[in-house]
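Undergrad: sequence first, then the predicted structure, then my questions.
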Amino acid sequence: MRSGGYIFRKLVSAVALLIGVTFISFLLMVWFGPDLTYQSLGKNPTADQISEVRRQLGYDRPFLERYGAFLGQLATLDLGHSDSTGEPVSRLMARTLPVSLALVLPGFLIGNLLGILLGLWSAWRRGSMTDRFIMGASVAGMSLSFLVIIILLQVLLCTPWGLNLFPARGWSVDGLSAYLYYATVPTLSLVLITLGYNTRFYRSVMVEELNREHIRTALAYGADTRAILFTHVLKNSLAPILTRLLFSIPIIVISGSLLLESYFGIPGIGKVTYDAITNGDQPVLKAVVSLTAVLFVLVQLAVDLAYRWVDPRVGPS
């Protein structure tokens, strides 16, 4: 019952947060968003014409009615049509989101896995030359801009001045070999961009855990190093690790894919968002911003529930 009560409270909290973020999204993207009235009118429109267009666009409806319609659009994924192409936004996102996931998930997973392993090893060897080298390399990686990393990898792997093994731009995937051909350089770019940040974060988490009394006691009694690191330290660090992993997903899928797809010309949700920003395509921008906000709320709920899974002490006793 206590566990059920905890989950119920988290669900209620998630619903309240969801109402809050959708309300803010509505204010920013709809209520105070661009007025499209005059885009549908010619020169010198009459007052009656202006009134009719505003009625058709729903601008004459009360605030709560428009907000309710906005929630209905999000719930049914009836997100309108792109101003640029006329394609339904829901179909546009369904077509491009799988491309973005296929593009960023390998780099996301590899970058975090390497970050956890390097952070764990650096924390175990803290103060040594190994630790200093890993931290120095992490800081050096963090200091390089995204564009510099992209250019270096493209020169080394995509041009005759380097290995010339992969394309610098494009996406034409019809099988595993084609996928590896087009996704390798973007994946390496994402790994190199995030590895320094991941390693420093995970090292700080592991160092804190290694300094706990029960870990020091186990070390004093000569417990096996692998058992300490992977059975105790890593397991007891799962809460912050899961938090970082889950909260990184919306950021990587939207922001990461936007950068990668813009530079590599890959037709995913990031490229669509970039084009919508440059073209002022409001239906697409409204959908991306609103659904990203909803995704963050769902991630928050998943994190709260995951805490109970990795540490039963979380929540009411």
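TA: Sure thing, it's come through.

Undergrad: Arg54 contacts Arg61, doesn't it?
TA: No. Using C-beta atoms under 8 Å, Arg54 is not in contact with Arg61; the gap is 9.7 Å. For the C-beta atoms, the positions are set from N, CA and C on the backbone; glycine is no exception.

Undergrad: so what's the gap between the helix or strand where Glu65 lies and the chain middle?
TA: In the assignment (DSSP states H and E), Glu65 maps to helix 63-76. Centroid displacement of helix 63-76 relative to its chain, using C-alpha atoms, centre = their mean, to the nearest Å, is 25 Å.

Undergrad: who's in contact with it?
TA: 22-23, 26, 30-31, 58, 61, 78-80, 290-291, 294 (C-beta atoms under 8 Å, 6 or more residues apart in numbering).

Undergrad: how many neighbouring residues does Leu57 have?
TA: 14 (other C-beta atoms under 10 Å).

Undergrad: tell me how far it lies from Thr37.
TA: Between Leu57 and Thr37 the distance is 7 Å, computed by C-beta to C-beta, to the nearest Å.

Undergrad: give me the common contacts of the two.
TA: Joint contacts of Leu57 and Thr37 (C-beta under 8 Å, 6+ apart) do not exist.

Undergrad: follow-up on the earlier one: pull the CA atoms of the helix holding Glu65 into PDB?
TA: The C-alpha coordinates for helix 63-76 follow below in PDB (Å, rounded to 0.1, in the frame of the first residue of the first chain):
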ATOM      1  CA  PHE A  63      -8.300  32.000 -23.300                       C
ATOM      2  CA  LEU A  64      -9.400  28.700 -21.600                       C
ATOM      3  CA  GLU A  65     -11.100  27.500 -24.700                       C
ATOM      4  CA  ARG A  66      -7.900  28.000 -26.800                       C
ATOM      5  CA  TYR A  67      -5.800  26.300 -24.100                       C
ATOM      6  CA  GLY A  68      -8.200  23.300 -24.000                       C
ATOM      7  CA  ALA A  69      -8.000  23.000 -27.800                       C
ATOM      8  CA  PHE A  70      -4.200  23.100 -27.500                       C
ATOM      9  CA  LEU A  71      -4.200  20.300 -24.900                       C
ATOM     10  CA  GLY A  72      -6.500  18.300 -27.200                       C
ATOM     11  CA  GLN A  73      -4.100  18.700 -30.100                       C
ATOM     12  CA  LEU A  74      -1.200  17.400 -28.000                       C
ATOM     13  CA  ALA A  75      -3.300  14.500 -26.700                       C
ATOM     14  CA  THR A  76      -4.400  13.400 -30.200                       C
END
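
Undergrad: average pLDDT for the very next helix or strand once past it?
TA: Per DSSP H and E, the first helix or strand lying C-terminal to helix 63-76 is helix 89-124. Averaged across helix 89-124, pLDDT comes to 93.
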